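> structure here, sequence nowhere to be found:
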């Protein structure tokens with residue numbers, strides 16, 4: 001699992017993290033992990049796959065109708081971008 005080192009944290013931030021972790025009964029490291037996870041994966045975020053699945057359910061496609069998408073789907077790998 002990757003590691004992250006954060007330097008030069010202000011004393012007041014370090015103290016607040018220590019207090020917050022203690023209030024939740026976990027280590028400061030676990031508290032920082034939790035804060036970072038919440039920051040990058042906020043609740044209520046719309047995920048593309050879930051959104052597309054919802055569209056499909058709302059459309060009430062039959063198996064035969066859905067199969068048409070599989071037949072016409074382009075499975076050719078995308079070409080790598082060039083920056084020349």
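Ah, there it is. Given the structure is predicted, the values throughout are model-derived calculations rather than measurements. Numbering: from 1, shown residues only.
> every contact and neighbour count from this point should use C-alpha atoms.
OK.
> check which helices and strands the helix or strand containing residue 33 is in contact with.
Element membership for residue 33 (DSSP states H and E) is helix 28-40. Packing partners of helix 28-40 (3 or more CA pairs under 8 Å, 6 or more residues apart in numbering; DSSP states H and E): helix 11-23.
> so which residue is dead centre in the chain?
Closest residue to the average C-alpha location of the chain: residue 41 at 4.5 Å, with CA atoms, centre = their mean.
> got the phi and psi for it?
Residue 41 has phi and psi values of phi -130, psi 70 when expressed as degrees, to the nearest 10.
> and the residue located most distally from the centre of the chain, what element?
In the chain, the residue that sits farthest from the middle, by CA atoms, centre = their mean, is residue 64; the gap is 32.8 Å. Under the criterion of DSSP H and E, residue 64 resides in helix 63-72.
> give the buried residues for that helix.
Neighbour-count burial for helix 63-72, counted by 16 or more other CA atoms under 10 Å, picks out no residue.
> contacts made by that helix with the rest, please.
Residues outside helix 63-72 that contact it (CA atoms under 8 Å, 6 or more residues apart in numbering): none.
> what's the answer for stretch 28-47, then?
17, 18, 20, 21, 22.
> output these as JSON lines; include the columns distance to residue 71 and neighbour count.
Listed next are the contacts of stretch 28-47 as JSON lines, based on distance: CA to CA, whole Å; neighbours: other CA atoms under 10 Å:
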{"residue": "17", "distance to residue 71": "54", "neighbour count": "18"}
{"residue": "18", "distance to residue 71": "56", "neighbour count": "17"}
{"residue": "20", "distance to residue 71": "54", "neighbour count": "16"}
{"residue": "21", "distance to residue 71": "53", "neighbour count": "18"}
{"residue": "22", "distance to residue 71": "56", "neighbour count": "13"}
